[in-house]
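Undergrad: coordinates only, sequence not included:
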């Protein structure tokens, strides 16, 4: 089976989509399938993550992948992608609706099965402008997919009836890491860790406002970058909150070992990889109960705390205070994500591809 994966850009990106698509490519290649990746990057661009040697990378190099394309650029991209699809591809996977739509247009008239990989929960449309209209057109586009890959079975309820038969569940995987007491790192009783992009989705300002309302003593460590970083610094300064800002890093394990908990105040998620990684390290997670992706991973009071609602600093402050005061079983926390293995992850994707062909 020859598989082509398409995502917009792998250059200077720390996004979960790019990382997981590379893991899918590597895993399918190790099972004996021929796998290639195509992106809108320019020839010579370097990938943020380590590239699998067994996976080819074809860079379209038409326009800036991070900017809106002109009609001429879109047409040229379709022609370039179509050339690759003609080279014996059996299954093509587009990550996110925009990439899938471009891939599907490129495959018209070809004997190529196209899978739409949904990496966010559809609840994101509740938080963007013209969300209802965009949701309608998104579902209409997904109707032309052979299969629609979603991250949790619980997400099925967010899709209309005419897509139900196309849905396949392909959850991400997480590596279980050691968090034993024999480590040289000393765990803090009150260190709150945030990891992610400083963006509207991640809602870091809500965490900072919640921190200002907490009754417990705490240390706040924020890891990441993004357009909202300077705004977060200004908010922390205005609220007189002492924060440590750290640039993005591949190795988060030392921070997991020293922190009391991870807080992810997101408005929505897909499969929150950083939350799963923290849980796999025995670290409890705090977030909102109405943030899609967190209730599916976090067992309230057993592996973290879920604040009521979504986006309320008062509710989040209460959950953080409870989590700092509570003693959790690291063993139980790790066990809660033990089913998300790499083997199951790759098997789910291989099955999705084979089902699309069938």
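TA: Here it is on my side, so go on. Treat the numbers as computed from the prediction; the structure is a model and nothing was measured.
Undergrad: C-alpha from now on. contacts and neighbour counts both.
TA: Fine.
Undergrad: pLDDT score for residue 11?
TA: At residue 11 the predicted local distance difference test score is 82.
Undergrad: Isn't it up against residue 47?
TA: Yes: assessed by C-alpha atoms under 8 Å, residue 11 is found in contact with residue 47 at 4.7 Å.
Undergrad: mind listing what residue 350 touches?
TA: Taking C-alpha atoms under 8 Å, 6 or more residues apart in numbering as the contact definition, residue 350 lies against residue 28.
Undergrad: Name the helix or strand for it, please.
TA: helix 342-357 (DSSP states H and E).
Undergrad: Can you mark which positions in that helix are buried?
TA: By 16 or more other C-alpha atoms under 10 Å, the buried positions in helix 342-357 come out as 342, 345-350, 352-353, 356-357.
Undergrad: now the stretch 1-150 of the chain, which segments are flagged as low pLDDT?
TA: Along the stretch 1-150 of the chain, the model assigns pLDDT under 70 to residues 12-15.
Undergrad: Where does residue 29 sit, in terms of helix or strand?
TA: Residue 29 belongs to helix 16-30 when elements are defined using DSSP H and E.
Undergrad: residue boundaries of the strands in the protein?
TA: For the chain, the strands defined by DSSP state E occupy 2-6, 34-39, 56-59, 91-95, 113-117, 147-150, 167-169, 191-195, 219-223, 243-246, 261-263, 285-288, 304-307.
Undergrad: before we move on, the earlier item: output the buried residues of helix 342-357 as CSV; include the columns distance to residue 140 and pLDDT.
TA: What follows is those, written out as CSV (distance: C-alpha to C-alpha, whole Å; pLDDT from 0 to 100):
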residue, distance to residue 140, pLDDT
342, 32, 96
345, 27, 97
346, 28, 97
347, 28, 97
348, 25, 97
349, 23, 97
350, 25, 98
352, 21, 97
353, 21, 97
356, 19, 95
357, 22, 94
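Undergrad: Check what pLDDT residue 300 gets.
TA: Confidence for residue 300, expressed as pLDDT, is 85.
Undergrad: which residues does the nearest residue to it once chain neighbours are set aside contact?
TA: Nearest non-adjacent residue to residue 300, counting by C-alpha to C-alpha, 6 or more residues apart in numbering: residue 306, 5.8 Å away. If you count contacts by C-alpha under 8 Å, 6+ apart, residue 306 has them with 286-289, 295, 298, 300, 319.
Undergrad: tell me the two of these that are most distant?
TA: With distance counted by C-alpha to C-alpha, no two of the contacts of residue 306 lie farther apart than 295 and 319, which are 14.0 Å apart.
Undergrad: returning to that earlier point: distance of the residue nearest to residue 300 from residue 338?
TA: Residue 306 sits 20 Å away from residue 338, taking C-alpha to C-alpha, to the nearest Å as the criterion.
Undergrad: re the thing from before, from the middle of its chain, how far away would the helix holding residue 29 be?
TA: Mean C-alpha position of helix 16-30 versus that of the full chain (C-alpha atoms, centre = their mean, to the nearest Å) differs by 13 Å.
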